[in-house]
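Student: turn this into a model:
(chains A and B)
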Number of protein chains: 2
Amino acid sequence: MSADKDSLEKFYGKEVILADRELVESGSDEILKDADKEDIAFLVVGDPFGATTHTDLIIRARELGIKVEAIHNASVMNAVGACGLQLYKFGQTISMVFFTETWKPDSWYDKIMENRKIGLHTLILLDIKVKEQSIENLARGRKIYEPPRYMNISTACKQLIEIEKKRKERCYTVDTPCVTISRLGSPSQKFKAGTLRELAEYDSGEPLHSLVMLGRQVHDLELEYLYDYVDDKDKFRLDVEADQEHFRPPPWVPPEEEDSDY
Amino acid sequence: MSADKDSLEKFYGKEVILADRELVESGSDEILKDADKEDIAFLVVGDPFGATTHTDLIIRARELGIKVEAIHNASVMNAVGACGLQLYKFGQTISMVFFTETWKPDSWYDKIMENRKIGLHTLILLDIKVKEQSIENLARGRKIYEPPRYMNISTACKQLIEIEKKRKERCYTVDTPCVTISRLGSPSQKFKAGTLRELAEYDSGEPLHSLVMLGRQVHDLELEYLYDYVDDKDKFRLDVEADQEHFRPPPWVPPEEEDSDY
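Tutor: I've put the predicted structure just below:
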């Protein structure tokens, strides 16, 4: 992310072709051309298996009898551990897209609910709009692209609050604690912990950003780590404790005696 | 994992001190000694945030006012995507330890159940016993260590089957499909897909190994990818389809009309 085309070409001593979304999603023939005869490298940000389109490219290569070797890399899917929450207590990851006046997809709400019901944290990946056309330019077939847009923390939190207000299933509240992760892996990397309501007013600065909504299973060690990112330690602890009452399972009751041959 | 102490020292041009479990878990003072005055690097396999003891070390450093910078790395937690299952459909990760005659911990069973109920895949990390003392040597205070032991796929599958037989909650069956990951990231990396029963007889070769139990949410693209690792494609597809009936949610029924002011 921090290297441009020129520095990559200097580093590798080879020409680097910029693969935009269009090329990756529909130009697999072009990418795989002659790859059975010479070495072709496909460079990605993060881990190569983080995106379905990459898996698709490997399947396509296999079908053509092209040998593929994947070099793994750090990815937000594991580097998110830098915020202090334990990786093995994350549930399924969700993606949040920019809402429009008429399009506010919220299928992620059910996934957060599933994670929260069993006490797990949810990693929320925020929308990136690069090389998008306006509806007008798209309709007129003009290849004019909008400036890139990256969702910030405030927008993400406001969208989360908007959908809870609409769905009213108490998946979370405005007081549910979250952790923000900005510019992960870069020198200006920054974390911030607070409630949804607080983070809806947070200025997260330059992209990229991700957000984690806490689950009930917050260990003391995790909490200790997060204290470094909060404005008011005592308030945050109380927020976490209050949120833990959400979906707390009922107390354990010993099962009734069963028939021995059951 | 593939570099020894000598080659690391040659690469870094510095002395490398082998940090065993004992040093990492109870020797933080030794590790952090003078780290406020000079650069101390703590090298790990995988991502630095993959283990609680590492997070603990950072908290300890912070308390001492020592600045910490983490360099992220690929980890099994994201490299597992190489098996073809999508990372965002994994639930919480579990660890399985070697059973003994008298000690067969199975709290992971409930976690797999939670993941499976909502259709998610479960990454199962297998036990590694390095520098362990026998009970006799431990009792006599003799620092004699047993040879290292790494759990293989067959043992893990047999333990999974044993606990399902004991608990009988039908979290999974012997016909539940799984994917094995052996020597991830090394040139001899290998994947194998099959049912628990089949994999209980699988010879997974040299360590390290991990196992993924599939959830209900198997996408066609994931299945297509896994076909490369199975003996019988049609049988595997039927196994996956049969397993998907497990925990399948009831069909959707439209809600009854609500009062308009509800």
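Student: next, count neighbours for residue A:245.
Tutor: If you count neighbours by other Cβ atoms under 10 Å in any protein chain shown, residue A:245 ends up with 8. C-beta coordinates here come from the backbone N, C-alpha and C atoms, glycine included.
Student: just the helices in the stretch 101-250 of chain A please.
Tutor: With DSSP state H, counting those that start in this stretch as the criterion, the stretch 101-250 of chain A has helices at A:108-117, A:135-139, A:153-167, A:196-199, A:220-226, A:233-244.
Student: can you show me the strands along chain A?
Tutor: Along chain A, counting by DSSP state E, strands occupy A:94-96, A:122-126, A:128-129, A:149-150, A:177-182, A:190-195, A:209-213.
Student: which one of the ones you listed lies nearest to residue B:208?
Tutor: Ranking those by proximity to residue B:208 (Cβ to Cβ) places strand A:122-126 first, at 25.2 Å.
Student: partner strands of that closest one, with direction?
Tutor: Sheet pairing of strand A:122-126 (DSSP bridges) gives strand A:94-96 (parallel), strand A:209-213 (antiparallel).
Student: burial count for residue A:65?
Tutor: Residue A:65 has 7 neighbours, counted by other Cβ under 10 Å.
Student: one more: residue A:119?
Tutor: 20.
Student: repeat for residue A:178
Tutor: Neighbour count for residue A:178, taken as other Cβ under 10 Å: 25.
Student: wouldn't it be in contact with residue A:195 here?
Tutor: Yes. At 7.2 Å, residue A:178 and residue A:195 qualify as touching, with contact defined as Cβ atoms under 8 Å.
Student: any idea of the pLDDT on residue A:254?
Tutor: Listed pLDDT for residue A:254 reads 69.
Student: now the residue lying closest to residue A:28 once chain neighbours are set aside: how far from residue A:17?
Tutor: Leaving out its chain neighbours, the residue that sits closest to residue A:28 by Cβ to Cβ, 6 or more residues apart in numbering or on different chains is residue A:60, at 4.9 Å. Going from residue A:60 to residue A:17 by Cβ to Cβ, to the nearest Å gives 18 Å.
Student: still on that earlier bit, what would the strands paired with strand A:122-126 look like in a markdown table with distance to residue B:209 and mean pLDDT?
Tutor: A markdown table is the format used below for these (distance: least, Cβ to Cβ, whole Å; pLDDT from 0 to 100):
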| stretch | distance to residue B:209 | mean pLDDT |
| --- | --- | --- |
| strand A:94-96 | 30 | 96 |
| strand A:209-213 | 29 | 98 |
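Student: of all the ones you listed, which one is nearest residue B:76?
Tutor: strand A:209-213 (20.2 Å).
Student: any idea of the angle the closest one forms with helix A:108-117?
Tutor: Angular relation of strand A:209-213 and helix A:108-117 on a 0 to 180 degree scale: 50 degrees, by axes from the mean of the first three to the mean of the last three Cα atoms, to 10 degrees.
Student: OK, contacts around the residue in the stretch 51-200 of chain A positioned nearest to chain B?
Tutor: Nearest to chain B, among the residues of the stretch 51-200 of chain A, is residue A:81, at 2.9 Å (Cβ to the nearest Cβ). Residue A:81 is in contact with A:87, B:47, B:48, B:49, B:50, B:55, B:77, counting by Cβ atoms under 8 Å, 6 or more residues apart in numbering or on different chains.
Student: just checking, which of these belong to helices?
Tutor: B:55, B:77 (DSSP state H).
Student: among the contacts of residue A:81, which two are most distant?
Tutor: Checking the contacts of residue A:81 with Cβ to Cβ, the most distant pair is B:55 and B:77, at 14.0 Å.
Student: the more surrounded of the two?
Tutor: Between residue B:55 and residue B:77, counted using other Cβ under 10 Å, the more crowded position is residue B:77 (27 against 22).
Student: now do the residue of the stretch 51-200 of chain A closest to chain B, the pLDDT please.
Tutor: pLDDT, read off for residue A:81, is 93.
Student: then the one 3 residues further on?
Tutor: In this model, residue A:84 is scored at 93, pLDDT.
Student: do I have it right that it meets residue A:226?
Tutor: Yes. With contact defined as Cβ under 8 Å, residue A:84 counts as touching residue A:226 (5.4 Å).
Student: need the overlap of contacts for those two.
Tutor: Common contacts of residue A:84 and residue A:226 (Cβ under 8 Å, 6+ apart): residue A:179.
Student: can you list the low-confidence ranges for chain A?
Tutor: Low-confidence segments of chain A (pLDDT under 70): A:1-2, A:252, A:254-262.
Student: can you give me the domain assignment for it?
Tutor: A:5-64, A:76-247 (the TED database).
Student: quick check: end-to-end length of the longest one?
Tutor: With Cα to Cα, to the nearest Å applied, domain A:76-247 spans 27 Å between its terminal residues.
Student: likewise the first one?
Tutor: End-to-end distance for domain A:5-64, by Cα to Cα: 29 Å.
Student: what's near enough to touch the spatially closest residue to residue A:217 that is not a sequence neighbour?
Tutor: Residue nearest to residue A:217 in three dimensions, not counting chain neighbours: residue A:119, with 3.9 Å by Cβ to Cβ, 6+ apart. Residues near residue A:119 by Cβ under 8 Å, 6+ apart: A:89, A:215, A:216, A:217, A:247.
Student: scan those residues and report the most crowded one.
Tutor: Highest neighbour count within those, by other Cβ under 10 Å: residue A:215, with 24 neighbours.
Student: what about that one, distance to chain B?
Tutor: Residue A:215 sits 9 Å away from chain B, going by Cβ to the nearest Cβ, to the nearest Å.
Student: do I have it right that that residue meets residue A:121?
Tutor: Yes. Using Cβ under 8 Å, residue A:215 makes contact with residue A:121 at a distance of 4.7 Å.
Student: between these two, what contacts are shared?
Tutor: A:89, A:91, A:115.
Student: nearest to residue B:72 among those?
Tutor: For these, the nearest to residue B:72 is residue A:89 (18.7 Å; Cβ to Cβ).
Student: I figured the closest one was touching residue A:215, is that so?
Tutor: Yes. Residue A:89 is within contact range of residue A:215, at 6.6 Å (criterion: Cβ under 8 Å).
Student: between the two ends of stretch A:51-70, how far is it?
Tutor: End-to-end span of stretch A:51-70 (Cα to Cα): 13 Å.
Student: ok, now stretch A:172-180?
Tutor: One end of stretch A:172-180 sits 16 Å from the other (Cα to Cα).
Student: may I see the buried residues of that stretch?
Tutor: A:172, A:175, A:176, A:177, A:178, A:179, A:180 (16 or more other Cβ atoms under 10 Å in any protein chain shown).
Student: how about those residues in CSV, adding distance to chain B?
Tutor: Listed next are the buried residues of stretch A:172-180 as CSV, based on distance: Cβ to the nearest Cβ, whole Å:
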residue, distance to chain B
A:172, 17
A:175, 24
A:176, 19
A:177, 18
A:178, 18
A:179, 13
A:180, 17
